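K.L.:
Below are the sequence and a predicted model for it; my questions follow.
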Amino acid sequence: MNWKVEALYVSQTGNHADVVTDVAWACYGNQEIRGKVSLDPPGPSFVEYGDLTEQQVLEWVWAKVDRAINEKYVNAIIAAPADTSKPLPWE
């Protein structure tokens, strides 16, 4: 299972520039799920934009979306057999 941050949306908030307000994310397997979450305003442990890591941003995402449910969904998609088309039995 691979999680990826696809985009960060920023604004100026208070004395901070480039405050991440929204995160576009994806969870990949053989299929994928994508979403976008809005973050809470920065707290006292504000991290400058240039110092962010993908892992840290993913932790913020997982605090907003249910990681286990999303991974279960992607796994269920991966495990489901593909539908196939067969000739009609009356033709």
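P.N.:
Received, thanks. Residues are numbered from 1 along each chain as shown.
K.L.:
Report the contact partners of Ile33.
P.N.:
By Cβ atoms under 8 Å, 6 or more residues apart in numbering, Ile33 lies in contact with Ala26, Cys27, Asn70, Tyr73, Val74. (Glycine included, C-beta is placed from N, CA and C.)
K.L.:
and the third one, which of the three is it?
P.N.:
When the structure is reduced to helix, strand and coil (DSSP: H, G, I helix; E, B strand; the rest coil), Asn70 reads as helix.
K.L.:
Adjust the sequence numbering to begin at 180 for everything that follows.
P.N.:
In the new count, where the first residue is 180, that last one comes out as Asn249.
K.L.:
Just the pLDDT at it, thanks.
P.N.:
Looking at Asn249, its pLDDT is 88.
K.L.:
Ignoring the adjacent residues along the chain, who's closest to it?
P.N.:
Cys206 (5.1 Å; Cβ to Cβ, 6 or more residues apart in numbering).
K.L.:
Tell me if I'm right that that neighbour and Ala247 touch.
P.N.:
No - between Cys206 and Ala247 there is no contact under Cβ atoms under 8 Å: 11.1 Å.
K.L.:
returning to that earlier point: can you tell me the strand partners of the helix or strand hosting the residue nearest to Asn249 and which way each runs?
P.N.:
Assigned by DSSP states H and E, Cys206 falls within strand 195-207. Here strand 195-207 is paired, per DSSP bridges, with strand 181-192 (antiparallel), strand 211-217 (antiparallel).
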